[in-house]
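Trainee: Provided below are the primary sequence and the corresponding predicted coordinates.
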Amino acid sequence: MLSWLALSWITACSNPCVDYCKRMEAWLDECGTTWEAEFPDEGWTSVDDCYDHYWDAGSRDQNTCSKAAKHQEDEECY
């Protein structure tokens, strides 16, 4: 949780990777699944792991996050 607060404060929530992580968290909650189930190769167990992964996201990662966040808007539960 602390990493999220620090990240959102530093980026003023303008980092598309923060947006992606938030949207993914909401989707996981809505669909009743977990970080472990969706990201087994990454070993993520919470939204904080997503934030930590993208802590130093470069422009390429931010572009990827931006596209993924937009895609996440339309993602349905399976």
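Mentor: Noted; the coordinates are in hand.
Trainee: quick one: the helices in the chain?
Mentor: 2-11, 16-31, 35-38, 47-53, 59-72 (DSSP state H).
Trainee: leaving out sequence neighbours, find the closest residue to the residue most central in space within the chain.
Mentor: Among the residues of the chain, the one closest to the centroid is C21, at 1.5 Å (C-alpha atoms, centre = their mean). Residue nearest to C21 in three dimensions, not counting chain neighbours: C50, with 3.8 Å by C-beta to C-beta, 6 or more residues apart in numbering. Using the backbone N, CA and C atoms, a C-beta is placed for each residue, glycine as well.
Trainee: quick one, what contacts the one you found?
Mentor: C17, Y20, C21, M24, E25, W35, F39, W44 (C-beta atoms under 8 Å, 6 or more residues apart in numbering).
Trainee: measure the last one to T34 for me?
Mentor: Counting by C-beta to C-beta, to the nearest Å, the separation of W44 from T34 is 9 Å.
Trainee: what is the burial count for E73?
Mentor: 8 (other C-beta atoms under 10 Å).
Trainee: check E30 too.
Mentor: E30, neighbours per other C-beta under 10 Å, totals 11.
Trainee: can you give me the distance of it to D61?
Mentor: In terms of C-beta to C-beta, E30 sits 25 Å off from D61.
Trainee: next: C31.
Mentor: Taking C-beta to C-beta, one finds C31 at 24 Å from D61.
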